[in-house]
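# Quick one, structure for this:
(one chain, ligands or ions: 3)
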Amino acid sequence: MVVQKYGGTSVADPDRIRAVAEHIVRTHRQGNQVIVVVSAMGKTTDDLVRLANDVSQDPHGRELDMLLTAGERISMALLCMAIMDHGVHAVSFTGSQAGIVTDTVHGKAKILEVKGDRIRETLTAGAVAVVAGFQGISTTRDITTLGRGGSDTTAVALAATLGAEVCEIYTDVSGVFTADPRVVPEARKLARVSFNEMLEMAATGGKVLALRSVEFARNYNVPVHVRSSFTWEPGTWVVEEDPTMEEAIISGVTHDTSEAKITITQVADRPGVAAALFRALADESVNVDMIVQNVSTAGHTDISFTVPRDDLHRGLTVMEKVAAEIEASGVSYDAGVARVTLVGAGMKTNPGVAAKMFEVLSNEGVNIEMISTSSIRISCVVQESDVETAVRALHSAFELEKAS
Ligand code: ADP
Ligand code: ASP
Ligand code: MG
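Numbers count the residues shown, from 1 in each chain. Ligands and ions are numbered 1, 2, ... in the order given. Coordinates of the predicted model:
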């Protein structure tokens, strides 16, 4: 049993849909049970988001999800038609029909359960099951979406619950690279990446896989094969760490321009203040990422943190309210920041990576505004206008174009 997920560019037009259908039929004829997960064609989801923003200043979550899920409905039906032209039966399912049950948070729902009965029946009957990516039905029976890029999550969740041997993610690049190949042309394709490294890459902007999909893959140990639907060549395997293999110090450099920075100035430095601020944000489902609190002077301090730009408006509204309550002097923001990150499992045992990273950025005249680390990652927040320079300089300084 194999799950194959096709992203938007892979099914962008009728020619692409026919090419993908042929590959699915080939896989089916080789004796595999094939479950396909499909994204909306090309930039359909972006177009639908724009349409929503054209008719409303603040599109209602339930209705926005209803709208966005229409994109995947189109591609799944077209793909089935193209498959059936080859004499192989194919049946499409919405997320709801596939039994993908989520929580009730519109726009970023989490999968709670995958029933999958109809998919199993379809496979048993010898047909191909095509499932709309990025969507489900909530516990209160409303249609939900899983967040941008969520088709990857649908695919891995199906692979995990139905017991597929592999989840193949077909996209417009031939695998996971040492950096976004659009920014660093010399970037090198990795043959293999561990779940933990991929998790850090996905969390810091390496959008080739959605973060939640990597969490699922790691938790259920589903091997993920990221590869091209244009060349069909072997791609990158995302798999469990192999302790017998020498780990690269740095596997990749990622960047992310989707966040903004909020600063609360002159906050009283006493217990409970941070709790009040971040509880209020959590209650509004605003995801907070990096947090920096300055040293306090005269009993006051500044607290800065990053949030997704899409949540900036909501975050600011909440913060202004809380800032008044806790008598902070003000709230400011910067929507022009970006994050650059080095990821590598070998960092654990190799000191000096952070020092070298900061030197490289300093040589390029790039100012670091915030820093955060994990055992296998170092991230710096910089100005967005500097981020591509930073990525290229780091990629070259750490010689990532060379095989380790
Ligand atoms: P899909 O529509 O198939 O889901 P995405 O646009 O979500 O495709 O993801 C593929 C894109 O991810 C590539 O076109 C590439 O620009 C980008 N990307 C960012 N970082 C990386 C990386 N480290 N390796 C490969 N691709 C990356
Ligand atoms: N179509 C959705 C998006 O553009 C989901 C996906 O492609 O994974 O975000
Ligand atoms: Mg994607």
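# what does the stretch 251-400 of the chain have sitting close to ligand 1?
Applying CB under 6 Å from any ligand atom, one finds that the stretch 251-400 of the chain approaches ligand 1 through residue 252. Where C-beta positions appear, they are placed from N, C-alpha and C, glycine not excepted.
# The closest residue to ligand 3 within the stretch 251-400 of the chain: neighbour count?
Here the stretch 251-400 of the chain gets closest to ligand 3 at one residue, residue 258, 13.3 Å apart by CB to the ion. Using other CB atoms under 10 Å, residue 258 has 14 neighbouring residues.
# residues in contact with the single nearest residue of the chain relative to ligand 3?
Proximity to ligand 3, evaluated over the chain using CB to the ion, is greatest for residue 149 at 4.1 Å. Applying CB atoms under 8 Å, 6 or more residues apart in numbering to residue 149 gives the contacts 134, 207, 209, 210.
# By neighbours, which of those residues wins?
Within the contacts of residue 149, neighbour counts (other CB under 10 Å) peak at residue 134, which reaches 30 neighbours.
# How about that residue, nearest residue that isn't a chain neighbour?
Nearest in space to residue 134, with sequence neighbours left out and distances taken as CB to CB, 6 or more residues apart in numbering, is residue 150 at 3.7 Å.
# quick one: the one you found and ligand 2, what's the gap?
Applying CB to the nearest ligand atom, to the nearest Å, the value for residue 150 to ligand 2 is 5 Å.
# before we move on, what about residue 81?
Residue 81 sits 20 Å away from ligand 2, going by CB to the nearest ligand atom.
# circling back: for the residue nearest to residue 134, grab the count of nearby residues.
28.
# Report pLDDT for it.
We have a pLDDT of 98 for residue 150.
# Hmm, residue 212 and it touching each other?
Yes - between residue 150 and residue 212 there is a contact at 7.2 Å, judged by CB atoms under 8 Å.
# in the sheet, who's paired with residue 293?
Beta-bridge partners recorded for residue 293 (DSSP bridges): residue 303.
# Return the residues in contact with it.
Listed by CB under 8 Å, 6+ apart, the contact set of residue 293 reads 274, 301, 302, 303, 304.
# how about the helices of the chain, start to end?
14-29, 44-55, 61-84, 117-124, 151-162, 195-203, 211-220, 273-283, 312-325, 353-363, 387-397 (DSSP state H).
# who does the first one touch, helix- and strand-wise?
It stands for helix 14-29. Applying 3 or more CB pairs under 8 Å, 6 or more residues apart in numbering; DSSP states H and E, we find helix 14-29 packed against strand 2-6, strand 34-38, helix 61-84.
# Which of those has the highest mean neighbour count?
The highest mean neighbour count among the helices and strands packed on helix 14-29, using mean count of other CB atoms under 10 Å, belongs to strand 34-38: a mean of 30.
# thinking again about what came up before, phi and psi next, for the residue of the chain closest to ligand 3.
Backbone geometry at residue 149, expressed as degrees, to the nearest 10, gives phi 80, psi 10.
# Spatially central residue in this protein, please.
Closest to where the C-alpha atoms of the chain average out (CA atoms, centre = their mean) is residue 210, at 2.5 Å.
# Quick check: that one touching residue 155?
No - checked against CB under 8 Å, the pair residue 210 and residue 155 is beyond contact range at 9.5 Å.
# Give me the pLDDT value at the residue nearest to residue 127 when sequence neighbours are not counted.
Leaving aside its sequence neighbours, residue 127 sits nearest to residue 89 (CB to CB, 6+ apart; 3.9 Å). Note for residue 89: predicted pLDDT of 98.
# No more questions from me, cheers.
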